[in-house]
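Student: Just the structure for this:
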Amino acid sequence: MKHIEGVNDFVVKLANVNGTGSASANHLFAKAIFRMGIPVSPRNIFPSNIQGLPTWYEVRVSSKGYLGRRGGIDLMLSINPQSMEKDVASVEPGGYFVYDSTKPLAQHLKRDDISYFGIPLTQMCMREYENPRLQQLLKNVVYVGALAALLNIKFSILKDLLSVQFKGKEKLISSNVHALEMGYQYATENFNCPLPIRLEAGGNAAPHIQESEHILMNGNTAAALGAIYGGATVAAWYPITPSTSVVDAFSKYAERMRIDPGSGKKNFAIVQAEDELAAMGMAIGAGWNGARAFTATSGPGLSLMSEFLGLAYFAEIPVVLIDVQRSGPSTGMPTRSQQSDILAAAYASHGDTKHVLLFPATPRECFDMTVQAFDLAEQLQTPVIIMSDLDLGMNDWMSPPLEWDDNYRMDRGKVLDAEGLDKAEKWGRYLDVDGDGICYRTLPGVHPEKGAYFTRGSSKNEMAVYSESGEDYVKNMDRLLRKFETAKAYVPAPKTHPPIKVKKLKTKKKLGALFFGTSASPAYEAVEMLADEGYLIETMRIRAFPFHESLDEFIHTHEQVFVIEQNRDGQMRRLIINECEIPPGKLTPVLSYSGTPITARMIADNIRKALNTQSAEVVALHPETV
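Tutor: Now for the predicted structure:
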């Protein structure tokens, strides 16, 4: 049997039971690899119940610095009988299967093309510890110790991490270190360690990713910090997975950074509303009153907020919404990831509305774009929606450290103070004096006599006076469309990468690929795979809606363009067709909507099929089960 080999380039998956304490042990495993200076990308795949169902933790190790999912499993550690049959089936031929051998492995779980490593985890822990809960918790730490030996993780790094995690709790440190030693010793005494797949500290590390220049961070925490640094003082929300941790993190940081040093009073307000409608209403009210306000939600909450989003669009009130997307439709699968709110967000509410959307791809962009979103909301006087997802929001990603310019000043847009109102020859809330569709607004109480107006969700004229005149309505709607065109110069432009060199082209057809958000990393990897096979595909990462004119140029300079996204209906593709008036046949969808993040292999395979080709190097994989 030919074994899979590789240094700092493989995929490990850990299968356990939800609610058994495996999350902290799995995180310890991933963080140890990161501390070795090796690019790593962990993903937690967990059910939406509290405990009892299967949970997985997938760790991508890539010397080239790929942070998306590759597809396929090289080493599977499975200690959950519920999922073991599927876990065995998911291992690549030539791969490795580690399991709890306290009970013999059933015959139907044995394959001839993978290697098995049995470790009596339950037996070892029952012998060593009397407390049943401790037996369960430390069993996870034992398997981390065994993996350290099998994969060549420096044991000292694991000890250091435990010392930091349990600082001041010496008993916990000693018991966890002992559990690590049990697993490590068993593996070294019973198996040839390390395996043909192994880790080497600093070996073959990607030149653009070094441990000293990166941190592990999730997108929800980064977005919360962006809200802090972007000047947000009001958060109104209703808990919903996977966005809850955005406001949790905002609350934690606000308690440290939004306290008046003189009086000790809080300079922020966080309100848990009775539902998503009320949360958005509160945020809009705060924005109308001059505060920088936001809310966070996921797909079901976005649906409920649609009418209020329409009100903010038509009344032109700044507000920021962080949408951490999950699988739909309706309540969907709360702990699964998708990019399936694109159309619902772009055209939220009834009637003719178009909302500004931002598409972060990394925690660093979650931070930067959240800061920018508050400026955009006030510059454009409109809702701005940040389109994150569960994969980005709740998983740890290697990211450059967040940076901040102390010279930054909030851009409040066209706001008239008392002096400005006195100087204005004529002021109307919805009067476009600059021709860019953006009117001048006032904040309550800035002038004793001037600047007051009725904020109307219904139709009105330029002076904010109620009107059912068709002429007034058309004039206002045309101005809002003009403002949306103006927004193209404000939002982040798409990013392109230099074409990959291809030694021998297999087609002269000019090919392109469009993607956004968390589809980006696996898309880049897939493009590199196909370049090795002779297919040159130029790329563009979309970062905002409205679309920049360069998107239209990119599409028109390529004969066939693949649109890579994680939903069933190709929502980004449909948005591009609708907004840019592109012939549908020119845009080929590459779609994934299983709820688990898209993989590079899946993208490459779909592009090959679309090109009516199949690489000789493609290996048939056992079907992925989650």
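
Student: which stretches of the stretch 101-250 of the chain form helices?
Tutor: 121-128, 132-151, 155-165, 170-190, 219-229, 244-257 (DSSP state H, counting those that start in this stretch).

Student: so where is the protein shaky, pLDDT-wise?
Tutor: Low-confidence segments of the chain (pLDDT under 70): 202-212, 613-626.

Student: follow-up on the earlier one: most tightly packed of the helices of the stretch 101-250 of the chain?
Tutor: Using mean count of other CB atoms under 10 Å, the stretch among the helices of the stretch 101-250 of the chain with the largest mean neighbour count is helix 219-229, at a mean of 28. All C-beta atoms are positioned from the backbone trio N, CA, C, and that covers glycine.

Student: Which other helices and strands does that helix contact?
Tutor: With contacts defined as 3 or more CB pairs under 8 Å, 6 or more residues apart in numbering; DSSP states H and E, helix 219-229 has these neighbours: helix 244-257, strand 319-325, helix 363-380, strand 383-389, helix 390-394.

Student: could these go into TSV alongside distance to Asp432?
Tutor: Shown next, in TSV, are those (distance: least, CB to CB, whole Å):
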stretch	distance to Asp432
helix 244-257	35
strand 319-325	21
helix 363-380	13
strand 383-389	19
helix 390-394	37
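
Student: I'd like to know which of those lies nearest to Val164.
Tutor: helix 244-257 (18.8 Å; CB to CB).

Student: going on from the closest one, what's the next piece of helix or strand?
Tutor: Scanning forward in sequence from helix 244-257 by DSSP states H and E, the next helix or strand is strand 269-272.

Student: right, and the helix or strand after that following strand?
Tutor: As assigned by DSSP H and E, the chain's next helix or strand after strand 269-272 is helix 276-288.

Student: elements contacting that next one?
Tutor: With contacts defined as 3+ CB pairs under 8 Å, 6+ apart, the packing partners of helix 276-288 are strand 234-237, strand 269-272, strand 293-297, helix 299-315, strand 319-325.

Student: re earlier: can you add distance to Ser48 and give the helices of the stretch 101-250 of the chain back as a markdown table?
Tutor: Converted to a markdown table, those look like this (distance: least, CB to CB, whole Å):
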| stretch | distance to Ser48 |
| --- | --- |
| helix 121-128 | 27 |
| helix 132-151 | 21 |
| helix 155-165 | 27 |
| helix 170-190 | 29 |
| helix 219-229 | 17 |
| helix 244-257 | 13 |
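
Student: Of all those helices, which one comes closest to Leu481?
Tutor: Per CB to CB, nearest to Leu481 of the helices of the stretch 101-250 of the chain: helix 219-229, 29.0 Å.

Student: and Val563, what does it touch?
Tutor: Ala513, Leu514, Phe515, Gly570, Met572, Arg573, Ile576, Leu587, Thr588, Pro589, Val590 (CB atoms under 8 Å, 6 or more residues apart in numbering).

Student: Quick one: mark the members of these that sit in strands.
Tutor: Ala513, Leu514, Phe515, Leu587, Thr588, Pro589, Val590 (DSSP state E).

Student: Tell me the one among those nearest to Leu105.
Tutor: Nearest to Leu105 among the ones in strands among the contacts of Val563, with distances taken as CB to CB, is Val590, at 38.2 Å.

Student: So what sits opposite that closest one in the bridge?
Tutor: Ile564 (DSSP bridges).

Student: Kindly provide the distance from it to Leu611.
Tutor: To Leu611, Val590 is 12 Å away according to CB to CB, to the nearest Å.

Student: do the same with Met126
Tutor: 56 Å.

Student: if we can go back for a sec, buried subset of the ones in strands among the contacts of Val563 as a PyMOL selection?
Tutor: Selection of buried members from the ones in strands among the contacts of Val563 for PyMOL, criterion 16 or more other CB atoms under 10 Å:
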select buried, resi 513+514+515+587+588+589+590
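
Student: Columns distance to Asp478 on top of the ones in strands among the contacts of Val563, output as JSON lines?
Tutor: What follows is those, written out as JSON lines (distance: CB to CB, whole Å):
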{"residue": "Ala513", "distance to Asp478": "35"}
{"residue": "Leu514", "distance to Asp478": "30"}
{"residue": "Phe515", "distance to Asp478": "33"}
{"residue": "Leu587", "distance to Asp478": "29"}
{"residue": "Thr588", "distance to Asp478": "35"}
{"residue": "Pro589", "distance to Asp478": "33"}
{"residue": "Val590", "distance to Asp478": "37"}
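
Student: OK, contacts around the closest residue to Ala249 other than its chain neighbours?
Tutor: Leaving out its chain neighbours, the residue that sits closest to Ala249 by CB to CB, 6 or more residues apart in numbering is Ala224, at 3.5 Å. Neighbouring residues of Ala224 by CB under 8 Å, 6+ apart: Ser245, Val246, Val247, Asp248, Ala249, Phe250, Lys252, Tyr253.

Student: how about the nearest residue to Arg568, chain neighbours excluded?
Tutor: In space, and not counting its chain neighbours, Arg568 is closest to Tyr593: 4.5 Å by CB to CB, 6+ apart.

Student: Distance-wise, check the one you found relative to Pro329.
Tutor: With CB to CB as the criterion, Tyr593 and Pro329 are 11 Å apart.

Student: Now do the shared contacts for the two.
Tutor: By CB under 8 Å, 6+ apart, Tyr593 and Pro329 have these common neighbours: Ser340.

Student: Tell me which of the two has more neighbours.
Tutor: More crowded of Tyr593 and Pro329, by other CB atoms under 10 Å: Tyr593, with 17 against 11.

Student: How about the secondary structure of that one?
Tutor: coil (DSSP: H, G, I helix; E, B strand; the rest coil).

Student: What's the separation between it and Asn461?
Tutor: 45 Å.

Student: Kindly report the same for Glu85.
Tutor: 68 Å.
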